[in-house]
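1. Here is a sequence with its predicted model. Questions after.
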Amino acid sequence: MKSVNLLMPSRWWTPQPSATGRRNLLDIGKEDFLFADRFKGLRAKFEYKSDVTKCRLVGVTSSIAGEGKTLTCAFLASNLALTGRHRVLLVDMDIRKADLTRGMNLSRHPGLTEHLMGKATLSAIIRNTEIPALQAIPAGTEVPSPADLLAEDSLRVFLKEIRGRYDIILLDTPPVLPVADTITMRDQMDGFVFLFRTSYTPVGMFRQAVEEIGEKKILGVVLNGVEPQKKKYIDKYYGYYYQQKGPKEESVA
């Protein structure tokens, strides 16, 4: 299996409430340079692989719920947009839970489902974010059978239209095993970034999910929940690196 990047432990991924009392995904880790650095590394590897494979419409998924896919999707999108090289769209395809919609404090209506049902135009469901090059589409109204809605031709039309507007499109899709939604959309995606949370997700379930998606469709796997073997050493190393590098650069200037 191809590995995209190794992220920091999930215990550092606890959403903090915003000023309104609601969590804000993009505020997580702002004071933690290690956290930010890992996502910059993920962004760089994703850019390289997406460029080589010509993948522009990418789903971010996992085997089961609770593996960190929504946070990863949001941070990868924001890091890509912040480079200034890409116009990025983030889409909440997890209609049942809509964690991305809530996490980014987006109004849920009108959203994806309204557009797919012909009740709202594409322009009406696109939301601006605090990052100029990043826009987002919320999940929309809950429907009885999301998999059936996502199997309709309206999804194909929607994906074709957004391809023409953005450089990179990241879709927060439901986990593979509990529901059929992601498998329903699989063939319309250029590829997937797959989350695997160690010491949480049974390996057998991970293998089953990979088989259902198809390994050729997977750009890479992001490992979440991997504990640093020597956290004190890592903290000391990073502290030493930044303390030493800064003054040397200033003295040269």
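-> Looks like it arrived, so ask away.
2. what's the span of stretch 49-64 from first residue to last?
-> From its first residue to its last, stretch 49-64 covers 25 Å (C-alpha to C-alpha, to the nearest Å).
3. How far away from the center of its chain is that stretch?
-> On the basis of C-alpha atoms, centre = their mean, to the nearest Å, stretch 49-64 is displaced by 10 Å from the centre of the chain it belongs to.
4. That stretch: which residues count as buried?
-> Using 16 or more other C-beta atoms under 10 Å as the test for burial, stretch 49-64 gives Lys49, Ser50, Cys55, Arg56, Leu57, Val58, Gly59, Val60, Thr61, Ser62, Ser63, Ile64. To be clear about C-beta, it is placed using only N, CA and C from the backbone, and glycine gets the same treatment.
5. How about stretch 210-219?
-> Within stretch 210-219, the residues scored as buried using 16+ other C-beta under 10 Å are Val210, Ile213, Lys217, Ile218, Leu219.
6. how about the helices in the stretch 151-253 of the chain?
-> Taking DSSP state H, counting those that start in this stretch as the test, the helices found in the stretch 151-253 of the chain are 153-163, 181-185, 203-213, 231-252.
7. And those, which one averages the lowest pLDDT?
-> With a mean of 45, helix 231-252 has the lowest mean pLDDT of these.
8. Output the below-cut-off pLDDT ranges for the stretch 1-150 of the chain.
-> The model of the stretch 1-150 of the chain has pLDDT under 70 over residues 1-23.
9. Now do the strands in it.
-> 3-6, 57-62, 88-92, 127-128, 134-137 (DSSP state E, counting those that start in this stretch).
10. Now distance to Leu76 too, for the ones you listed, in TSV please.
-> Shown next, in TSV, are these (distance: least, C-beta to C-beta, whole Å):
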stretch	distance to Leu76
strand 3-6	9
strand 57-62	7
strand 88-92	9
strand 127-128	18
strand 134-137	11
